[in-house]
Each structure stands twice: as structure tokens, then as C-alpha cells.
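Q: A predicted structure for the sequence below; I have some questions about it.
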Amino acid sequence: MNTKENLVRKLKDKQARVAILGLGYVGLPLAVVFAEAGFDVTGIDPDGRKSDSVNKGVSYIPDISTERLAPLVRSGNLNATTDFSVLEGVDAASICVPTPLRQTGDPDMSFILSAVEELAKYMHKGMVVVLESSTYPGTTREILLPKLGEENGLKVGEDWFLAFSPERVDPGRQDFTTLNTPKVVGGITPACAEVAEAWYGSALKYIHLVSSAEAAEMTKLLENTFRMVNIAMVNEMAIMCERMNVDVWEVIDAAATKPFGFMKFTPGPGLGGHCIPIDPLYLSWKMKSYQYNARFIELSSEITTNMPRYVVNRILDALNDRGQTLKGARALVLGAAYKPDIDDIRESPALEVIDLLEKKGAKVSYHDPYIPALTTHAGKEMRSVPDLMAAVREADAVIIVTNHKIYDYQSILNAAKFIFDSRNALGKTGMRSPKVVRL
Ligand SMILES: NC(=O)c1ccc[n+]([C@@H]2O[C@H](COP(=O)([O-])OP(=O)(O)OC[C@H]3O[C@@H](n4cnc5c(N)ncnc54)[C@H](O)[C@@H]3O)[C@@H](O)[C@H]2O)c1
């Protein structure tokens, strides 16, 4: 049996030892799914708090319950460490590290680079490596291939195997999870794809192979650019509707009755999260080296980046209509996470909205059941108000930034003096109430 056949057999028999580099929102669920499939999995993360927590069987990711994690740790299928030398005995490694933007808006590849440098020290014959982090097309071939293979004297597709498989997890979602969301996989060579498919197919429900790592990288960017462009378009629709005194929410609901050819997107106070506002910019950055200006991405980014400012201006106008000023007003921001029902604040528009309200002289507080404390972009440290309803009663303006399901919106409406609803959380009740202005 050659190296590939041997590795494929080990993967199919679940005898292969698996490592997941990066135990965050993507890495921990993936580690759990592989461990549940019967693999021996080690999570590696430089953040010792995460590895300690895993080893205690305690989850820190809402999508993975402690009840699900603990038995896997007890049975010995899952453990975690900060020590990369365990990679010496590993057959299959998946990289799930962050890919944020630098202050300049350029890709920050430092986490991928540091993970790859550690991995390079322990590369050996008969290994498969899959990159999962969202990144620009070409990363797997341009960065991972030389560092992990060529510099170690290993021939890709023969001695070791390399692929890209984008993570598509939608935190907070129950119907489609890491396990049953189809997984796109693209190898550096056909043999790489075959090995990666053997590995992922042993634990995940559906594998969709594409012909190259670049096609897999681009797939993720198409998905996220599609969302970014449509969200920007509907945000601009909201701006246009307001100018014409038309209710955008009513228009969207009406358009959504069309059973074909329309997909519902909703406006909001800005893009948030680790993916939609960031990943498309990896593509537009890369396209510059091809002398191509990614116009849809640039335009969408411009429109969505401006949404927090637009929302604050609308609040200012609404208070003005009530004979009030934003300067000196008590503003309560309701919901700080970047989307409903999750505890993730990365890139949340709430941070920008709070800073802009403060700049205009408002006295800002916030409430979020999932985000006990936050630091805004301007460096303001805040804690979620302890008594929601007291804060609602006291506020001159309640601003719904994130429409968590847990809120009792009717009680909030009853208690509030004025609400700016940037998410249509109040629905038709908000449309009818003189206390409410909707985005
Ligand atoms: N969160 C999502 O919803 C989501 C969805 C799809 C794709 N992604 C992509 O997946 C990737 C990971 O995102 P995430 O949300 O899990 O990030 P995260 O910040 O939650 O987790 C990343 C983890 O990697 C660790 N890490 C940093 N450097 C490391 C290194 N050198 N070696 C090993 N671990 C290291 C960090 O300590 C952290 O625990 C990103 O590229 C992101 O864009 C995220």
C-alpha cells in the first residue's frame, strides 16, 4: 500500500489521529464532530483558557453544550493543549484560526502564518492538512504548500495531502450545523481531494468536491459576497424608501410573497460578525494584484459601513421632531451582539452606534443578555445595565440594534418613551405606534 492508500484506510477506519488548530466558534464544533465520529482528536490553541476548559469538559461556545462535550473528554476521544509538539503524532490536521482585517482594511494573515509555522515543524510523511479559515483564493497554494511541503522535502499528492474546505457554520442555528451542512472540499491535487474527502466524509454528512483549492476558497467568497451585496442593496432600499416616505419593511414583506425569483434580505444598522463584513474584502484585496477593482464589494462595503451613521442621524431627526435633542438625551441601546440570539460581538454595528451617539452628546447605556460587558471602538468600557425595564423607562430613546428573541417587545414598547427600531423587531405594532420610528 502506498502512502495515500494507507492514510485513506486509516481515515476511513477512524484510526487516524486528528488535530484541530484553533478552538473557537469554528474549531471546537469541528473537533466535537470528529470526536463524535470516533476519531481521537486533539485541539490545539495558544489560549490556555480554552484548552483548560475543554479538558475540564466545559464548553465556552454556545452551539456546543457542556453535556455534549463532557462525555467526549471523559471517553478520551477529545482533549486539548497549547503544545504544538503533539502534531508529531498526528495524521490529519485542520486549521481554524482567525482571519481578521488590519486597521488598513488589508487581510491579517498573521494567525494563518503562525499556525502554519508551528505545523511546519512537525510535518511528516502520510499527513493530510485542511485549511478552513476564510481567506483569499490562492492562500492554500501560495502560503501552505511551500511552507508545509516543499520546505520539508515532502511531495504534495504523494507524501502528504493538502486541501481547502470553507467553514459555513451559522452560529446559533439548529437545523444546519457543522455535521449536516454540505462541506465543499478542493484539493491541491486530485489525490489531495480524495484524501480530504475520505477524512471529512468519515464524520460529516455531505461532501461536495470541487476541482481545486482555489475553487473551494472562491466558493466561500461567493457565498459571503452574495450576502454582503444583497444586504447593502436592501439597506440602500431602506434609505431610498425613507426619502420617499414609503415603509421599507412593508415593501420587503410584499416582495417576499413572490414564490420565485426573490430572496428576502432585511436592512439593519450595519454589517457585523466575523464573515460578511470581512471576507469579501479579502477578495477585493487579492483582485488588486490582478489589476481588477471589485466594484460590487467596494460599493457594498461603502453603503454598509455608513449604516451606523445613518441610523444615528435618523435618531437625531426623530428626537428633533419630538422637540428633543440627542445631546444630553439618555439613549439605551438594546442588543449589542452582531446578530440575534448569540454572544458574539465581533464587528457588531452596536459598537459604532454607541460611539456615534456618544459623539453627539447622548448619555449611552446598553443592555444585552448575552454580552455582559463590551469595549467600543473608541475604547469606552461598558457593562450591560442590570435592570432592563428600569433602563427602558428612564431612557429618552431606546434603540433596538439587535433583535434578540428573548426580549418582551410589547412590555418594552409599553414602558418606553420613544423607540428607534433598526431591525423591525416590533413588526406591525411598531408601524402603528406613534412612539416608534423604524429604519
Ligand atoms: N464564526 C463564524 O461564524 C465563522 C463562520 C464561517 C467561517 N469562519 C472563519 O473561520 C475562521 C475561524 O473563525 P472563528 O470564529 O472560529 O474564530 P475564533 O476567534 O472564535 O477562534 C479562533 C481560535 O484560533 C486560536 N488561534 C489563534 N492563533 C492560533 C494558532 N497560531 N494556532 C492555533 N490556534 C490559534 C485563537 O486563540 C482562537 O481560539 C475564520 O477565518 C473565520 O472567518 C467563521
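A: Done, it's in. Numbers count the residues shown, from 1 in each chain.
Q: center of the chain - which residue?
A: H274 (3.7 Å; C-alpha atoms, centre = their mean).
Q: give me the residue from the stretch 201-350 of the chain nearest the ligand.
A: At 4.6 Å from the ligand, H274 is the closest residue in the stretch 201-350 of the chain, using C-beta to the nearest ligand atom. For every residue, glycine as well, the C-beta is placed using N, CA and C.
Q: repeat for the chain
A: Counting by C-beta to the nearest ligand atom, the chain gets nearest the ligand through G24, at 1.8 Å.
Q: if we can go back for a sec, per-residue confidence at the residue of the stretch 201-350 of the chain closest to the ligand?
A: H274 carries a pLDDT value of 81.
Q: got a list of what it touches?
A: Y25, P98, P100, D344, R346, E347 (C-beta atoms under 8 Å, 6 or more residues apart in numbering).
Q: filter these down to the buried ones and hand me the PyMOL line.
A: Buried residues among those (16 or more other C-beta atoms under 10 Å), as a PyMOL selection:
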select buried, resi 25+98+344+346+347
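Q: which one of the contacts of H274 sits closest to V169?
A: Y25 (6.8 Å; C-beta to C-beta).
Q: please report how far Y290 lies from T219.
A: 18 Å (C-beta to C-beta, to the nearest Å).
Q: of these two, who's got more company?
A: T219 (20 against 8; other C-beta atoms under 10 Å).
Q: please report the distance of the more buried one from L209.
A: Distance of T219 to L209, given as C-beta to C-beta: 11 Å.
Q: overlap in contacts, those two.
A: In contact with both T219 and L209: V184, G186, using C-beta under 8 Å, 6+ apart.
Q: how deep is the residue of the chain closest to the ligand tucked in, by neighbour count?
A: So G24, with other C-beta under 10 Å, has 16 neighbours.
Q: from the chain's centre, how far out does stretch 89-103 sit?
A: Relative to its chain's centre, stretch 89-103 lies at 14 Å (C-alpha atoms, centre = their mean, to the nearest Å).
Q: swap in stretch 158-169?
A: 19 Å.
Q: that one and the ligand in contact?
A: Yes - remark: stretch 158-169 sits within contact range of the ligand at E167, R168, V169, by C-beta under 6 Å from any ligand atom.
Q: which of those residues fall in helices?
A: If you go by DSSP state H, these have nothing in helices.
Q: may I see those arranged in JSON lines, with distance to V311, pLDDT and neighbour count as well?
A: Formatted as JSON lines, the residues of stretch 158-169 next to the ligand follow (distance: C-beta to C-beta, whole Å; pLDDT from 0 to 100; neighbours: other C-beta atoms under 10 Å):
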{"residue": "E167", "distance to V311": "30", "pLDDT": "94", "neighbour count": "19"}
{"residue": "R168", "distance to V311": "29", "pLDDT": "91", "neighbour count": "19"}
{"residue": "V169", "distance to V311": "28", "pLDDT": "85", "neighbour count": "18"}
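Q: what residues does the stretch 151-300 of the chain put near the ligand?
A: Going by C-beta under 6 Å from any ligand atom, the residues of the stretch 151-300 of the chain near the ligand are E167, R168, V169, P171, H274, C275.
Q: the fifth one belongs to a helix?
A: If I follow you right, that is H274. No - according to DSSP: H, G, I helix; E, B strand; the rest coil, the state of H274 is coil, so it is not within a helix.
Q: which residues of the stretch 101-250 of the chain fall in strands?
A: Counting by DSSP state E, counting those that start in this stretch, the stretch 101-250 of the chain has strands at residues 127-131, 160-164, 183-187, 207-210.
Q: who wins for proximity to V251 among those?
A: Closest among those, once you apply C-beta to C-beta, is strand 183-187, at 34.3 Å.
Q: span of stretch 152-166 from start to end?
A: Taking C-alpha to C-alpha, to the nearest Å as the measure, stretch 152-166 stretches 26 Å from start to finish.
Q: what mean pLDDT does that stretch have?
A: So the average pLDDT for stretch 152-166 ends up being 96.
Q: in that stretch, which residues are buried?
A: Per 16+ other C-beta under 10 Å, stretch 152-166 contains these buried residues: N152, L154, V156, G157, D159, W160, F161, L162, A163, F164, S165, P166.
Q: turn those into CSV, including distance to T178.
A: Output for the buried residues of stretch 152-166, formatted as CSV (distance: C-beta to C-beta, whole Å):
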residue, distance to T178
N152, 30
L154, 29
V156, 26
G157, 27
D159, 29
W160, 25
F161, 21
L162, 21
A163, 17
F164, 16
S165, 11
P166, 12
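Q: for K50, what is the enclosing helix or strand?
A: helix 48-55 (DSSP states H and E).
Q: ugh, typo on my part, it should be I399
A: Element membership for I399 (DSSP H and E) is strand 397-400.
Q: which strands or helices does that strand pack on?
A: Secondary-structure packing of strand 397-400 (3 or more C-beta pairs under 8 Å, 6 or more residues apart in numbering; DSSP states H and E): helix 307-321, strand 330-334, strand 419-421.
Q: where's that strand relative to the chain centroid, distance-wise?
A: Distance, centroid of strand 397-400 to centroid of chain: 25 Å (C-alpha atoms, centre = their mean).
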